[in-house]
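**Q** make a model of this:
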Amino acid sequence: MLMPLRKIILIFTLQFFIARAATMAQSPQDARPFDKAQLEQEIGQMLMVGIRGTEMNNEFMEQTRKQIENGAIGGIIFFKHNIKDGKQLGDFIHDLNELSVQLPLLLAVDEEGGKARRLKISQGFEEFPSAADVGDKLNLDEAFKVYSRMASQIHATGLNLNFGPVVDVNINHSSPAIGKLRRSFSSDPEKVYQYSKAFINAHRNAGVLTTLKHYPGHGSSREDTHNDLTDITKTWEKDEQLPFAKLIDSSMVDIIMAGHLFDQDLDIKYPASLSAVHIQDNLRDKLGYEGVVITDDLQMGAIIKRFSLEEIIIAAVNSGSDILQFSDPRNLDDDLPQKMQNVILTAINEGKIKPERIHESYTRIVELKRKLDISSNKTVE
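**A** The predicted structure follows:
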């Protein structure tokens, strides 16, 4: 039996308004189309890795080269096994910068001074005092001169990002990760802020990006995140946040590194590096930080012993972190870029990650990379 025309019109009218209402309920971001190829490129910018090689012709670099050129890696961190001397490192970085990429690579090093350094006198580099020695023995002008030499040396190699300064306040002088290694400028948060500014300004003058670490503050800790979970629930003090807050307010921040620091008063499941309470609610919403957040190495014992790779990636992305760092030279996974893409794309399809979360990070990373002094003809699109 044919349906009466009036009933057909009524059905189509209802369908029209239902569809229209659903469309209107979507925000512009929700309606934004995301294709797989675009997502893969954006996800690639969110990955920083360690590498095995010392030159582009090294057999270990072949797969890495392809991943870089395919947009699956956005940054590289260099360790002592990647560095023989200044000429070798300069040639290596020059060749990396010659690769065909849409966005320039972040080329990072841990160069704080003292025991936390990668450029050593045995390799022909100048070595610099620890943060504690700088804070104890040098005034701010003298500190600026020291860090100007450090930054110029980093820039001369072609590196463009230093994982420093440490803005942890030296509350626990016996902390195995900070106090014992003399990595903090002072137990006075104001002094930490002032000396961190000298460090940052010196690097900015040399065209090198900097990284505040380790949010929300590692200085009161009793454990070392390299080995296992570091619980700061009973030791963390509010003053530890002051250097971060003041540097954010002073527009002095390129990147903030989130530490593997567990505070069960804030998040009973995840440390700061994987926690939306720490990163999104506190760092971004309360402190007003809008820039790039990078995780500390996600292969450290504090993380890899407790969570699966899938959970680590999904939690880190959903925390509000922008760059996921997997850099342990003892545990490098050549297939990590593809694994990370697969985990995130599957999580998006399953509704565990919103594609807009990826786009937010990509946008922040693009803005960060616009700061780089690119001496080649590459442009940031």
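**Q** in what helix or strand does the most centrally placed residue in the chain lie?
**A** With distances taken as Cα atoms, centre = their mean, Ile294 lies nearest the centre of the chain, 1.7 Å away. Assigned by DSSP states H and E, Ile294 belongs to strand 292-295.
**Q** flag the shaky bits of the stretch 201-350 of the chain, pLDDT-wise.
**A** 224-228 (pLDDT under 70).
**Q** quick one: the strands in it?
**A** All strands of the stretch 201-350 of the chain, identified by DSSP state E, counting those that start in this stretch, fall at 211-215, 230-231, 255-258, 261-262, 292-295, 324-326.
**Q** then the stretch 51-200 of the chain?
**A** Using DSSP E, counting those that start in this stretch, strands in the stretch 51-200 of the chain cover 75-78, 106-109, 161-162.
**Q** and the shortest one, what does it pack against?
**A** For strand 161-162, the elements it packs on are strand 106-109, helix 140-157, judged by 3 or more Cβ pairs under 8 Å, 6 or more residues apart in numbering; DSSP states H and E. Using the backbone N, CA and C atoms, a C-beta is placed for each residue, glycine as well.
**Q** with the second one instead?
**A** Strand 106-109 sits against strand 75-78, strand 161-162, with contacts defined as 3+ Cβ pairs under 8 Å, 6+ apart.
**Q** please identify the most buried of those strands.
**A** strand 161-162 (a mean of 26; mean count of other Cβ atoms under 10 Å).
**Q** for stretch 213-220, buried residues please.
**A** Of the residues in stretch 213-220, Lys213, His214, Tyr215, Pro216, Gly217, His218, Gly219, Ser220 count as buried by neighbour count, 16 or more other Cβ atoms under 10 Å.
**Q** oh, that last question was meant for stretch 179-191, not what I typed.
**A** Neighbour count says stretch 179-191 has Gly179, Leu181, Arg182, Arg183, Ser184, Phe185, Ser186, Ser187, Pro189, Lys191 buried, by 16+ other Cβ under 10 Å.
**Q** now do the nearest residue to the second one once chain neighbours are set aside against Thr211, distance only.
**A** So that's Leu181. Nearest-residue entry for Leu181: Lys115, 5.3 Å, with adjacent residues in sequence omitted and distances by Cβ to Cβ, 6 or more residues apart in numbering. Separation of Lys115 from Thr211 (Cβ to Cβ, to the nearest Å): 18 Å.
**Q** just to check, Ala156 is in contact with Gly90?
**A** Yes: look at Ala156 against Gly90 with Cβ atoms under 8 Å: they come within range, at 7.4 Å.
**Q** let me see the contact set for Leu287.
**A** Residues in contact with Leu287 (Cβ atoms under 8 Å, 6 or more residues apart in numbering) are Gln241, Phe244, Ala245, Ile248.
**Q** which members of those residues occur in helices, if any?
**A** Among the contacts of Leu287, the ones falling in helices (DSSP state H) are Phe244, Ala245, Ile248.
**Q** which of those residues has the largest number of neighbours?
**A** Among the ones in helices among the contacts of Leu287, the one with the most neighbours (other Cβ atoms under 10 Å) is Phe244, at 26 neighbours.
**Q** among the helices and strands packed on strand 161-162, which comes closest to Leu274?
**A** Closest of the helices and strands packed on strand 161-162 to Leu274 is strand 106-109, at 20.6 Å (criterion: Cβ to Cβ).
**Q** mean pLDDT added to the strands of the stretch 51-200 of the chain, as TSV?
**A** Output for those, formatted as TSV (pLDDT from 0 to 100):
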stretch	mean pLDDT
strand 75-78	97
strand 106-109	98
strand 161-162	98
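**Q** could you save the ones you listed as TSV and add columns showing distance to Lys371?
**A** Shown next, in TSV, are those (distance: least, Cβ to Cβ, whole Å):
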stretch	distance to Lys371
strand 75-78	14
strand 106-109	11
strand 161-162	10
